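1. Dropping the sequence and predicted coords here.
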2 protein chains.
Amino acid sequence: MIKSIRKHPNNKQFIVDALQYNNWSKEIFEQMNSSGVAAVHVTICYHEDFRQTIDNITRWNSLFQKYSDLIVQGCNIEDILSAYESGRTAIIFGFQNCSPIENDINLIEVCHSLGVRFMQLSYNNQSLLASGCYEKNDPGITRMGREVIKEMNRVGLVVDMSHSASKSTLEAIEISERSIAITHANPHDWHPALRNKSNEVLKALSQSGGMLGFSLYPHHLKNKSQCSLEEFCEMVARTADMIGIDSIGFGSDLCQNQPDSVVEWMRNGKWTKSLDFGEGSLTNAGFPDQPTWFKNNEGFGNIISGLKSVGFSEDEVNKISGENWMKFFEKSFSSG
Amino acid sequence: MIKSIRKHPNNKQFIVDALQYNNWSKEIFEQMNSSGVAAVHVTICYHEDFRQTIDNITRWNSLFQKYSDLIVQGCNIEDILSAYESGRTAIIFGFQNCSPIENDINLIEVCHSLGVRFMQLSYNNQSLLASGCYEKNDPGITRMGREVIKEMNRVGLVVDMSHSASKSTLEAIEISERSIAITHANPHDWHPALRNKSNEVLKALSQSGGMLGFSLYPHHLKNKSQCSLEEFCEMVARTADMIGIDSIGFGSDLCQNQPDSVVEWMRNGKWTKSLDFGEGSLTNAGFPDQPTWFKNNEGFGNIISGLKSVGFSEDEVNKISGENWMKFFEKSFSSG
């Protein structure tokens, strides 16, 4: 059992968000602080290699130094609890791709030492480790993938399968000796995006002690940008009915203030010379508009109210809003 | 039609070998020269990234400078013809893996500009582009793989599927607008090694104008190190009967004077923390002994005699020993 959540200076609800990729600024950090966001898993790599990822880490180190009154690096539970107590936000590093470890399994331990706590085994496409959700065929976890999962388990780097394909995800759940996460996705039967997850995957995930973070990225929402707060919260309730109240949390996938060039980088990296539009299209290539009730971190307040409206108790809301992720972090981040 | 093969100073048979990875030395270069080896495709990468591959290229550039009387870089047909005419050997660069292009399709053109003429889409394991022959499941050519083949076709970098899995190979043959190569392998029905190729693959290869280089690496030979010259030459004859005389050549896979640490690197790279023995085993982990009749480049003389003994005409021997590869190089190496 995790240590008790402490008191927030402004008595804000304790929130953990398992995925954001904003154009980071003082304003956004302040929004997180004032919204009670105790911890955010931030993406520090989409396609970068090891050296480029180090550059992203040094940029974060500068932000930690410059905004030490607003943010702190989050490597463990205690970092998050004390950030919340001081009205700040803990920043947890994660990779949406395995590109930073290149083809060297030894870089996993190095990345963990630098504070990285999540790594997706693939990002949309086939990787050296697993298949991505946009590939036509999914061979499952590769030879190197099996070795890498073992090493991630050893050092305490969470396997994240948010952008991976189904067979690869089911195999990762089976092979990994520690519970895995799908930090940002929704059920496929609610909105049939390639990125959303089948009930089979979600059930296997929860049965193995894994966690799902609900996404608020419009391409993952029924009716996209027009998705209502009630529709979203009802989906959360149905998912809780299916996989239990202890396996769910937030993973908003918030990409605040990013120019459209960033979504182009996310989709294309350097793997193609023609343009790939991913979840978008030629005529709708940029970032989609966020729902009006979740434009930034302040929107968590709306969701908390919405969850209560669809029937969740206060204890259940506390679990979803942060306690479930905290329990998962506690068992996941230290070396095995 | 290629220009005529010119006269060798010592009237040696014109030989092209589509794969060697020796511990290069003056002695080996002299053996190649005196054996009439006009061109050798040399491996300059197994697992190296772009920067490490550049180091390997600069090492070769030093060798070209130091041994300019023995070797010359081979970027096109003319380089090979003139090397042979002067009793020297042209060195053609190739990758046994796609690791040098990392995840950047733009590096393909850069590598071609530096003289690289072959790239395997995978080496035993799953890569970003294709599956390897040691993986349990083969999804075929990946999304990035399709883009990369297009770019390789454009610049004139040959797709080599020697270490790739079957479905990936068949798809590469189909997708590639230029003929592809299997530079070093033998028919699977002669010796059922994972690295050898099915008749289905070999037929599709030849029907599309591709080339097979026969391997002399003992793990690819029936009876391994004890394979007789006659058994080898009869296999060549049966393969010629099956796929035609114009699609076959040499790809010896000669690894002369290499320490066993090199085969460990080839098999393991940095993808696993436990040891993988590839085609070997715990009790037979090192390089196997070469057959007595092919210990080094001088062995090509034995093979030429052996091919004549099993019934090949002089014209047919000339095709196998070098003319077929020259025709393939001529149509493959220039930009499309």
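-> Arrived safely, thanks for sending.
2. From here on, just use CA atoms for contacts and neighbour counts.
-> Noted.
3. Can I get stretch A:269-284 as PDB, trimmed to CA atoms?
-> Extracted C-alpha coordinates of stretch A:269-284, given in PDB (Å, rounded to 0.1, in the frame of the first residue of the first chain):
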ATOM      1  CA  GLY A 269       9.800  11.000 -38.100                       C
ATOM      2  CA  LYS A 270      12.300  10.200 -40.800                       C
ATOM      3  CA  TRP A 271      10.900   6.900 -41.900                       C
ATOM      4  CA  THR A 272       9.300   8.100 -45.100                       C
ATOM      5  CA  LYS A 273       9.900  10.600 -47.800                       C
ATOM      6  CA  SER A 274       6.200  11.000 -48.600                       C
ATOM      7  CA  LEU A 275       3.900  12.400 -45.900                       C
ATOM      8  CA  ASP A 276       1.900  10.100 -43.700                       C
ATOM      9  CA  PHE A 277      -1.100  11.600 -42.000                       C
ATOM     10  CA  GLY A 278      -1.600   9.000 -39.200                       C
ATOM     11  CA  GLU A 279      -4.900   9.500 -37.500                       C
ATOM     12  CA  GLY A 280      -5.500  12.700 -39.600                       C
ATOM     13  CA  SER A 281      -5.900  13.100 -43.300                       C
ATOM     14  CA  LEU A 282      -4.600  15.400 -46.100                       C
ATOM     15  CA  THR A 283      -7.500  17.800 -45.500                       C
ATOM     16  CA  ASN A 284      -7.200  17.400 -41.700                       C
END
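4. what sits up against it?
-> A:46-47, A:219, A:264, A:267-268, A:285-286, B:103-106, B:144, B:147-148 (Cα atoms under 8 Å, 6 or more residues apart in numbering or on different chains).
5. So which of these is surrounded by the most neighbours?
-> Counting by other Cα atoms under 10 Å in any protein chain shown, B:Val148 has the largest number of neighbours within those, with 27 neighbours.
6. show me what contacts that residue?
-> Contacts of B:Val148 by Cα under 8 Å, 6+ apart are A:271-272, B:105, B:108, B:129.
7. now, the most widely separated pair of the residues you listed?
-> Pairwise distances across these peak at 13.0 Å for B:Ile108 and B:Leu129 (criterion: Cα to Cα).
8. A:Phe303: which element?
-> Not Phe; residue A:303 is Ile. helix A:300-309 (DSSP states H and E).
9. In that helix, which of the residues would be classed as buried?
-> By neighbour count on 16 or more other Cα atoms under 10 Å in any protein chain shown, the buried set for helix A:300-309 is A:300-301, A:303-304, A:306-307.
10. what are the ranges of the helices in chain A?
-> Applying DSSP state H to chain A gives helices spanning A:26-34, A:50-66, A:77-85, A:107-113, A:143-155, A:166-175, A:199-207, A:229-243, A:260-268, A:300-309, A:314-318, A:324-332.
11. a markdown table for those, including mean pLDDT?
-> What follows is the helices of chain A, written out as a markdown table (pLDDT from 0 to 100):
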| stretch | mean pLDDT |
| --- | --- |
| helix A:26-34 | 98 |
| helix A:50-66 | 97 |
| helix A:77-85 | 97 |
| helix A:107-113 | 97 |
| helix A:143-155 | 98 |
| helix A:166-175 | 98 |
| helix A:199-207 | 98 |
| helix A:229-243 | 98 |
| helix A:260-268 | 93 |
| helix A:300-309 | 98 |
| helix A:314-318 | 97 |
| helix A:324-332 | 98 |
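12. Looking at those helices, which is nearest to B:Asn33?
-> Comparing these under Cα to Cα, the one sitting nearest is helix A:143-155, at 40.6 Å.
13. what does the longest strand along chain A rub up against?
-> Assignment by DSSP state E gives strand A:37-45 as the longest strand of chain A. Identification of contacts with strand A:37-45 by Cα under 8 Å, 6+ apart yields A:14-21, A:32, A:53, A:56-57, A:74, A:80-81, A:83-84, A:87-97, A:100, A:297.
14. same thing but at 6 Å, please
-> Contacts to strand A:37-45, defined as Cα atoms under 6 Å, 6 or more residues apart in numbering or on different chains, come from residues A:15-21, A:80, A:84, A:89-96.
15. Residue numbers of the stretch 1-150 of chain A in contact with chain B?
-> Listed as neighbours of chain B in the stretch 1-150 of chain A under the rule Cα under 6 Å from any Cα of the partner chain: A:103-105, A:126-128, A:137-139, A:144, A:147.
16. Where strands are concerned, which of those count?
-> With strands taken from DSSP E, there is no overlap with those.
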